[in-house]
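Q: Quick one: sequence and predicted model below, then my questions.
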Amino acid sequence: MSPEGRSTIPPPRTISLCMIVRNEEERLPACLASARSLVDEIVVVDTGSTDGTVAIALEHGAKIVHSPWQDDFSLARNASLKEATGDWILILDADEELMVEDRGRWQATLADASRAGFLVELENLRDGESPTRSLVMRVFRNHPTVRFRGLLHERVDDTLDEVALREGWTLGQLPARIVHHGYTESARRDRGKDERNRRLLERVLREEGSDPYLLYKIAVHPLNWGQDIDLVRECLARAWEIIDALPEERCRRLLYAPEVAALLALELDRDGRREIALGLLEKATRACNESPNLAYAHAVLLQGAGRHEEAIASFRSALEFAGRTLAYAAIEGVTSLLSVRGLSESLHALGRDDEARETWRASDAVGDPPFHGFFSAPDAMTPPGELARAFRLVTSRVRRIPEDAEAWERGRILLRLLGKEEAIALWERRRAASQGPEHPPALSS
């Protein structure tokens, strides 16, 4: 320490790019070209390339480490960290490119001695769709105890957090963007990841089934999500059980915790356990960081319970996240169309039609479907779950406004589409009496 009490240790400035590769001769040149002038050294761990990958890395001045692939991403990542000499570590994959517009800001940010690491905006390109964006931990201190964990979906967050708490360091955000090409269909076909990932997912469940982050990633993995509902629900439930047992301060440091809560609550609701799901969401709202997915899930469940005023507030909370880059990307549509639709439906159910129409028309996310058509003309192509949800909204509407002929007619159409022909006569008798149904026709019969 200096006489004034300030540290004489120079601020961190140098940075090592660390990569693991195998047969990446097509993608590696663009990746290395994007980062070469921004880093002080390149460390490449090759896990068994049979093409020109190693030669390309050598052309860019990389230090090469040969490490046979052992179905363990952390093992390979940590082999690269062991050889790095920079103050900072930058992690890139071969199908990514680093974009930095202001090199002066980049260098000044890296000189901040108060940081343990930096989040970087990741842009995932997808064929025929808008890219998704999220914040990821890709630059962090080169420290002997900061190491990757996890066979698949490896991360340094836990070990970095331990050092940060001990040293009093915090996280920042770098003025940079990483463009990821790996989610395009052509890239997925070329790489043949599915077989490898299926093998690793099974191994993770066997060996690392007590890690809530890995359980969450298994649940949302494309090989499982929408394919194996029982496994998805089991993994989400196990992940939340572990998270829920943590101190609140620790829970708030788990950036993925609200996503686990939101997805689990939606699954519980689909399984008919709404009250349990609502209790989970209320606890997560208190204990976790804010998330559009958490707000949207809460809104959907409140709406389903007929608590439309509260649902409106939650839908609006989800919409406030529009345009923000988050640590975990929002479920597609949660900060736009899905929440606009839900908000309009709850306003409609409360009889606030002018406000509902204005909400609908003012949103750039909605597109062409007119308000009247959306609320009045369901068709046979609508998913059954959406039809049932629409019917619950209609019953809420006619309870409050029994003279709404349009709502009664929509209810009749929905019952027919749901195959509840036996319930239509009861619905029509109640309509004729101009009374909202105190006990709407059961949809489970």
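A: Nice, I can see it.

Q: Helix or strand: which one has Phe140?
A: strand 129-141 (DSSP states H and E).

Q: Touching that strand from outside, list them.
A: For strand 129-141, the external contacting residues (C-beta atoms under 8 Å, 6 or more residues apart in numbering) are 12, 15, 87-92, 110, 115-126, 146, 155-157, 160, 163, 169, 171, 173-174, 178, 325-329, 332. Placement of C-beta: from N, CA and C, glycine included.

Q: buried subset of the residues you listed?
A: 12, 15, 87-92, 110, 115-125, 146, 155-157, 160, 163, 169, 171, 174, 178, 325-326, 328-329 (16 or more other C-beta atoms under 10 Å).

Q: Filter the contacts of strand 129-141 down to the ones in helices?
A: Leu110, Asp157, Leu160, Val163 (DSSP state H).

Q: Give me the pLDDT value at the last one.
A: Per-residue confidence (pLDDT) for Val163: 91.

Q: From Gly48, how far off is it?
A: 32 Å (C-beta to C-beta, to the nearest Å).

Q: cool, and the third one?
A: The span separating Leu160 from Gly48 equals 29 Å under the rule C-beta to C-beta.

Q: again with Trp427
A: The value you get for Trp427 to Gly48, if C-beta to C-beta is used, is 66 Å.

Q: Show me which of those two is the more surrounded one.
A: A direct count of neighbours by other C-beta atoms under 10 Å for Trp427 and Gly48 places Trp427 higher, at 22 against 12.

Q: any weak-confidence spans in this protein?
A: Scanning the chain for pLDDT under 70 picks out the ranges 1-10, 127-129, 183-195, 209, 223-226, 330, 364-386, 434-445.

Q: Repeat the analysis, applying 50 as the threshold.
A: 1-8, 366-383, 436-445 (pLDDT under 50).

Q: tell me the domain ranges of it?
A: Domain ranges of the chain: 15-188, 209-354, per automatic domain parsing.

Q: could those domains go into a markdown table alongside distance to Glu421?
A: Formatted as a markdown table, the domains of the chain follow (distance: least, C-beta to C-beta, whole Å):
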| stretch | distance to Glu421 |
| --- | --- |
| domain 15-188 | 39 |
| domain 209-354 | 23 |
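
Q: of those domains, which approaches Leu393 most closely?
A: domain 209-354 (5.1 Å; C-beta to C-beta).

Q: what residues are up against Trp106?
A: Leu38, Val100, Leu174, Pro175, Ala176.

Q: Also Tyr296?
A: Taking C-beta under 8 Å, 6+ apart, one finds Ala262, Ser314, Phe315, Ala318, Ala330, Ile331, Val334, Leu338, Ser339, Gly342 in contact with Tyr296.

Q: In a strand, the second one, correct?
A: No. Using DSSP: H, G, I helix; E, B strand; the rest coil, the secondary structure at Ser314 is helix, not a strand.

Q: can you tell me how far it sits from Ala432?
A: Per C-beta to C-beta, Ser314 is found 36 Å from Ala432.

Q: These two: which is more packed in?
A: The neighbour count for Ser314 versus Ala432, taken as other C-beta under 10 Å, is higher for Ser314 (26 against 9).

Q: Name the nearest residue to the more buried one, sequence neighbours excluded.
A: Of all residues not flanking Ser314 in the chain, Ala299 sits nearest, at 3.5 Å (C-beta to C-beta, 6 or more residues apart in numbering).

Q: Can you pick out the most distant pair from the contacts of Trp106?
A: Taking C-beta to C-beta, no two of these sit farther apart than Leu38 and Pro175, at 11.6 Å.

Q: joint contacts of the two?
A: Common contact partners of Leu38 and Pro175 (C-beta under 8 Å, 6+ apart): Val100, Trp106.
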